[in-house]
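In: With the input below, show me the fold.
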Amino acid sequence: MKESVKKTEGPISVVIAEGRALFCETMKLMLDVEPDMCVQAIAHEGPRVLELSEELEPDVLVLDGNLPNGDSLEMTTALKERQPAVGILFVAEKPHDELVDASLLAGADGCLSKEGSFDDFVEGIRTVARGERFIPSTMLGGVLDLWLRRLERREEAMRLTARLTNREREVLSLVAQGDTHEAIAHALTISPHTVRTHQQNVLGKLHVHSRAELIEFVRRHQPLTSPLGVTS
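Out: The predicted structure is shown next:
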């Protein structure tokens, strides 16, 4: 691993956000033995994590993926927007947890598994504190598989959306916003019957079976479903 300059002087300041008190205390005791680390605080619930992060501005936040009273993925995104200098080391239950993939997309600087070794935690904290990315070697294969599957789904979505006409893209965009057939008809100056026809065509071309599935498709592939037909 390449050498890099630590983001701040002195010991690496760490905040641990974990719902299980025993796990937190054990981790704090073990990290405090490390000469280059200092655990500043522990949080057991979501709202406290945001408060501590803003108050203490730690070098690294070790964030439990299943933190009580808070969505850890949303917190990751919010924290990276507010405090991009704080390194987030996201901790999933298992090495191949879907949260691993989602955490990286949300902006986490590294990820770990609770099944991993203490050495992984220490190395992860030091790596993230240097401003580098961290994924344990034992998790790389799973992460790669997840990203390959995501790429395959994206390519399939591109292939399917390429079959839509411009009018069908417009209808799709408005359906995804939750507009009724009548509202879409008014916006596009067409009849509600024509709107329903376009929607049925879109359902068939995208291989989905309901309005709800259509909205979910758009949510997952938003850049591909612009009414102007622009792909990312």
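In: what's around Leu160, how many residues?
Out: Using other Cβ atoms under 10 Å, Leu160 has 18 other residues around it. Where C-beta positions appear, they are placed from N, C-alpha and C, glycine not excepted.
In: All the strands of this protein, residue numbers only.
Out: For the chain, the strands defined by DSSP state E occupy 12-17, 37-43, 60-64, 87-92, 110-113.
In: Format those as CSV; extra columns: mean neighbour count and distance to Ile184.
Out: Formatted as CSV, the strands of the chain follow (neighbours: other Cβ atoms under 10 Å; distance: least, Cβ to Cβ, whole Å):
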stretch, mean neighbour count, distance to Ile184
strand 12-17, 24, 44
strand 37-43, 19, 46
strand 60-64, 26, 41
strand 87-92, 26, 40
strand 110-113, 25, 41
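In: any chance of the ones you listed in a markdown table, with mean pLDDT too?
Out: What follows is the strands of the chain, written out as a markdown table (pLDDT from 0 to 100):
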| stretch | mean pLDDT |
| --- | --- |
| strand 12-17 | 94 |
| strand 37-43 | 92 |
| strand 60-64 | 94 |
| strand 87-92 | 92 |
| strand 110-113 | 89 |
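In: could you dump those to CSV with distance to Val100?
Out: Below are the strands of the chain laid out as CSV (distance: least, Cβ to Cβ, whole Å):
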stretch, distance to Val100
strand 12-17, 17
strand 37-43, 21
strand 60-64, 13
strand 87-92, 5
strand 110-113, 5
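In: Ala78 is nearest to which of the ones you listed?
Out: strand 87-92 (10.7 Å; Cβ to Cβ).
In: and the closest one, how far from the chain's centre?
Out: Centroid separation for strand 87-92 versus its chain: 11 Å, with Cα atoms, centre = their mean, to the nearest Å.
In: partner strands of that strand, parallel or antiparallel?
Out: Taking DSSP bridges as the criterion, strand 87-92 sits next to strand 60-64 (parallel), strand 110-113 (parallel) in its sheet.
In: Next, format the ones you listed as JSON lines and append distance to Leu174.
Out: Formatted as JSON lines, the strands paired with strand 87-92 follow (distance: least, Cβ to Cβ, whole Å):
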{"stretch": "strand 60-64", "distance to Leu174": "37"}
{"stretch": "strand 110-113", "distance to Leu174": "37"}
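In: ok, which stretches of the chain are helices?
Out: 21-32, 46-56, 72-82, 98-106, 118-129, 137-161, 166-176, 181-188, 192-206, 211-220 (DSSP state H).
In: so what pLDDT did the residue nearest to the spatial centre of the chain get?
Out: Residue closest to the mean C-alpha point of the chain, counted by Cα atoms, centre = their mean, is Ala106 at 2.8 Å. We note a pLDDT of 88 for Ala106 in this prediction.
In: Identify the residue nearest it in space, chain neighbours excluded?
Out: Nearest residue to Ala106 in three dimensions, chain neighbours excluded: Thr76, at 4.2 Å (Cβ to Cβ, 6 or more residues apart in numbering).
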